[in-house]
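J.: sequence below, structure please.
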Amino acid sequence: MELLNAPQNTVQPKTALQKTLANITEEACIRLVGPATFGLGKVAAERGDVTFYQFNAENTEITAKVKGGGLSYTCWISQPGKTVRELDLRCACSTGTYCKHVMAALWKVQGQTQHHAETWRDSLENFLSKTTGGEPLALVVDTKATPAEITIRRQGQNGNWVSARASWVDMTSTKWVSVTDGLRSDHLSFIRKLWNQAQRSVTWVNSRSVTLLNLEANAWKLLKQAEKLGIYLFLDDTEHPLELATDEIHLKFDSYTSENGDIELKTVGQYDSEIITYPQIVDSQPALVKYADRMLIPVSEESHQLLDPAKQRRRILIPATDVAEYQTHYLPYLNHLLVANQTLHGPFIKIIADLNGHLIKLSWEVAYGNSEHTLKLSWMNALSARPEDKDIFTQVRDYVTTHTPLEWGLDPHVPETEIGLENFTHLIDLKNKTATECEYLQWELSDAIKQLQVATNPIKISLKPAVKLDVNKPDWFNLEVAIEVNGQAIRVEEVLRALHENRYWVTTENGTWAEINPAQIDHLRAILESVSENPWEHAHISVPRIRLGALSSLEHYAVNTSALGNWISELNELIADTPERGLATPKEVTLRPYQETGVAWMDRVTSRGYGAILADDMGLGKTLQILSVIETKRLHKELKHGVVVAAPTSVIDVWQKEANRFYPSLKVATIRESAKKRSQSLEKLIEIHDVLITSWTLLQMDQEEYRKLTLDGAIFDEAQAIKNPRTAQHKAAKNLQAHWKIASTGTPVENSLADLWAIMRIVNPALLPGYTAFNSEYGKRIEMNGESAAAKRLQALTQPFMKRRTKKLVAPQLPPKIEQTIYVELSAKHRKTYDRYLNQHRKELLALAEDTHSQGFKIITGLNQLRQLALDPQLVEKDKDWPESAKTQALIDLLLPLQAEGKKSLVFSQYTSYLQRIRTALNEAGITTSYLDGGTQKRGEVIENFKHSDTNVFLISLKAGGTGLTLTEAENVFILDPWWNPATENQAIDRAHRIGQENTVNVYRLCSADTIEEKVMALQVHKRQVADAIIGEEVKALSIAELKEILQ
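T.: Here you go, the predicted model:
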């Protein structure tokens, strides 16, 4: 394509079209196509969108090519008439006529035509410039106007410069020739040239003025021509002659670093060797800088990118936090724009050590710098910025890796790490070695590190038990805790705060750092808080006397041993094995040594107004021991208000018989009727008796009457009955007003430690904290986390008030107990039925397991049905006629030979319906039975009949006969339906395996294979393995996880 190759005519146009093009103005074009289309066309022409135009042979039509929207459009311009209004403008675009494309072509052609028309003036100017006759003219460049305006001045009568008759219209119009008479013709010609140049500019809007912007890219060139012609030039007004610079000014950034590390960049002008602050920019092409009110200096082309910040006098602020990014990613590319080159030297690699609280912070710094600036980078940024320094970085990294401990974690790719103060000495040694071993690495120590003092000896803790706190609290003591190192005191509050914040270093009063042993402090804190009502927060802590047991493990902390000795001696008095006074002697029997120890301990504890829990194994004679305590107090005249014994209904007779047998001097009465049916009140009865024996049910029913009694003591037999603090039985026991209370139970922790808490809150209300605190401090830590330290604290706290002896420990003369599990396979029909119910219940129960609180009843019902199905499907499908189950048949097979040998057996089940089916099956097999459940009348007769008759098998429900019975005549025990809590089974087994048993006791657990029973048996094994540091038999309640395990 031929580009803009129109003929270059220099003759006057002759056709109407050529004449129009030579004289057409912007106003005429706007009237022709409208201001918007004219503006778009003019911009397109100046942008170079007109790629071709050509006149026809007659010079009456122009054909042009114009770019637009990625296409090229053909345009035609013609003029049928003689006036501008008759111009015919057509285009191949969708608009068709008078569009921006044809307007662009028209404006391009008129510019070229008018330029050619003026070439004669340019040709003759050189000749005119040699003519100097006439009055000179002056130009004033007014930079105070926006944009900078050029005005004309001529000399007045007094030789001064005036604006009268010197307007642009005066100088360029030919109407008033007399106005320009006598002026230098070359000056006048130049003025008209400026005028014509301005008229062609897209920025020209005022026909009465000319601005530097109107002169477009020729502005500086034209000013220089004016100067050459001898036209006087002024700046702003005629008082300031204008000097045009001979060189360009370069705009630069000047960099300044503030005290806080911020970097500020401001734009300055560099002219020769001079720096111009805040250069004043004058809009022009090129841009100009006004300097010292006398000079205009053109801005170099490469500086144009800094014009905007220079005009706005805007400072660029780089915060100290972003300096590294600026110096890394921007500075290398900005050096050519900076006043001073900032090429940096280095690398300078440092490890900076500073004190950060109780730790030493180690941070990496890689620096490059010069006399003006320092560039600090991260290790990775430095590597990317200066890859040529890679060998140096590798050498430093290898040195640090080799010479620092792995636990420091000192890796150059990690900006900072922290180490403990115990590494301080090693750090100083390494710093000294590095100076001679690694030339590229330096250690920088902060002032805090230089002044650091670290104690090398461990801290010492001393306890100074004081006398009684005050006369108003005779049962409270004050304990003072002192902590020091190297003879320098450390505030207790500081140590505790450090532990709370996971800090292991604290400062002494003179600023020396000392390391604390968290385990040691935590142990001390846990014990102190277990005996105090409040958290340990200060050097002094108040301790109630009843909690002295927990302090037994603190003896090695003490300095004031004599004061602590008083505490320890009082504690030893409580747990001593030897009697401190004469004890009662029972009739017919002699107290065994462990029983005598138990009586002495309970007598000592209760004499001091405390309560006790006797938690001996079942069968070790707890009833006899407690009766001995009561009789001892009677003998020593300490039984003035009597004792109430609360026990299960099934063992009331046992209590009465043993009291009458062993201590006939005790006046004992049994309460078998409620207040409404009794003929005498409790108050009258206690006046004439030493001991009242009542049932848990009656205690609950008549609790208000019992609460009004003032008693010497209260005994709670089978105290697991009050393990739930929400029950009325617990409330009734708690409300009894007694000087001392004793709880008797072989399972003080049957389900969870909450059982122990509930019982102890009755016998010793002040010993343990409230349940929430207890569960947090002991329950969760021991049961969920298995924390032995918490278990030991609880044991130390409760040991003076709870005594537990096992048969294995204190009664080795007992015959052995042999336990075995017999797995029974279900019949095919039984298996099919069981699996059907299991699949039906599994999904439902697993869903309910997530909400045991509200869905507990449904869960228990579902589990019970599965347990019954594992025993005998007849228990669930009552409308069907099922034969004896495989477990029933297995039981018969085991009992027949035992009956033949004349051996007695106890058979336990939780389900009375199953016991009744078994009784029928056993009787049909010729096996004689006795039967006991909750509905049995004349329990005593039933029990005595089994003991003294030829009946071989005693069928017993666990609820009715699992406690309170002595059946040593039997030497075989059968557990038919195992459950998750082994304590329940142990109670049943101990009906036979107890004091008085002379034969080996065989225990048979019958388990239906591959059923819920087998899962329960596995769960029992796990629970028996959970070490109970408190009483020896910790058993946790059935958790959600365990429930899910059973159902899988």
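J.: all helices of the stretch 101-250 of the chain, in order?
T.: Along the stretch 101-250 of the chain, counting by DSSP state H, counting those that start in this stretch, helices occupy 168-172, 177-180, 185-199, 219-229.
J.: same question for the stretch 551-700 of the chain.
T.: With helices called from DSSP H, counting those that start in this stretch, the stretch 551-700 of the chain shows them at 561-575, 593-607, 622-635, 652-662, 682-688, 696-701.
J.: now tabulate those in TSV and tack on distance to residue 18.
T.: For the C-beta atoms, the positions are set from N, CA and C on the backbone; glycine is no exception. As requested, the helices of the stretch 551-700 of the chain are arranged in TSV below (distance: least, C-beta to C-beta, whole Å):
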stretch	distance to residue 18
helix 561-575	125
helix 593-607	132
helix 622-635	135
helix 652-662	139
helix 682-688	139
helix 696-701	127
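J.: ok, now which ones touch the closest residue to residue 288 other than its chain neighbours?
T.: Leaving aside its chain neighbours, residue 288 sits nearest to residue 282 (4.2 Å; criterion: C-beta to C-beta, 6 or more residues apart in numbering). By C-beta atoms under 8 Å, 6 or more residues apart in numbering, the contact set of residue 282 is 143, 148, 212, 288-290, 296.
J.: which one of the residues you listed is nearest to residue 720?
T.: residue 289 (100.2 Å; C-beta to C-beta).
J.: could you give the bridge partners of the closest one?
T.: In this entry, residue 289 is beta-bridged to residue 281, residue 297, by DSSP bridges.
J.: okay, now the unreliable bits of the stretch 901-1048 of the chain?
T.: Scanning the stretch 901-1048 of the chain for pLDDT under 70 picks out 962-964, 980-981, 1019-1048.
J.: before we move on, back to that, so which of the helices of the stretch 551-700 of the chain is the most packed in?
T.: Neighbour counts (mean count of other C-beta atoms under 10 Å) averaged over each of the helices of the stretch 551-700 of the chain peak at helix 622-635, with a mean of 24.
J.: what does that helix rub up against?
T.: For helix 622-635, the surrounding residues in contact (C-beta under 8 Å, 6+ apart) are 581-584, 586, 589, 591, 595, 598-599, 602-603, 606, 614, 616, 639, 643, 654-655, 658-659, 662-663, 665-666, 690-691, 712-713, 715, 717, 742, 744, 746.
J.: re earlier: so which pair among the contacts of residue 282 is furthest apart in space?
T.: 212 and 289 (12.9 Å).
J.: give me the more crowded residue out of the two.
T.: In this view residue 212 and residue 289 are compared by other C-beta atoms under 10 Å, and residue 212 has more residues nearby, 27 against 22.
J.: please identify which helix or strand holds residue 252.
T.: In this assignment (DSSP states H and E), residue 252 forms part of strand 250-257.
J.: helix or strand next in line after that strand, which one?
T.: Past strand 250-257, the next helix or strand by DSSP H and E is strand 263-271.
J.: tell me the strands beside that next one, with direction?
T.: Here strand 263-271 is paired, per DSSP bridges, with strand 250-257 (antiparallel), strand 274-277 (antiparallel), strand 316-318 (antiparallel).
J.: using CSV, write down the CA coordinates of the longest one.
T.: Spelled out, that is strand 250-257. Extracted as CSV, the C-alpha positions of strand 250-257 are listed here (Å, rounded to 0.1, in the frame of the first residue of the first chain):
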residue,chain,number,x,y,z
HIS,A,250,17.3,15.9,33.9
LEU,A,251,14.6,14.9,36.4
LYS,A,252,15.8,12.5,39.1
PHE,A,253,14.8,10.9,42.4
ASP,A,254,16.7,12.0,45.4
SER,A,255,16.6,9.4,48.2
TYR,A,256,16.5,10.2,51.9
THR,A,257,16.4,7.8,54.8
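J.: quick one: buried residues of that strand?
T.: For strand 250-257, the neighbour count (16 or more other C-beta atoms under 10 Å) marks 250-253, 255 as buried.
J.: ok, the second one next?
T.: By neighbour count with 16+ other C-beta under 10 Å, strand 274-277 contains the buried residues residue 276.
J.: which residues does it contact?
T.: 249, 254, 266, 268-270, 289, 291, 339.
J.: quick check: which of the buried residues of strand 250-257 has the minimum pLDDT.
T.: Across the set of the buried residues of strand 250-257, residue 255 stands lowest in pLDDT, at 85.
J.: fine, thanks again, bye for now.
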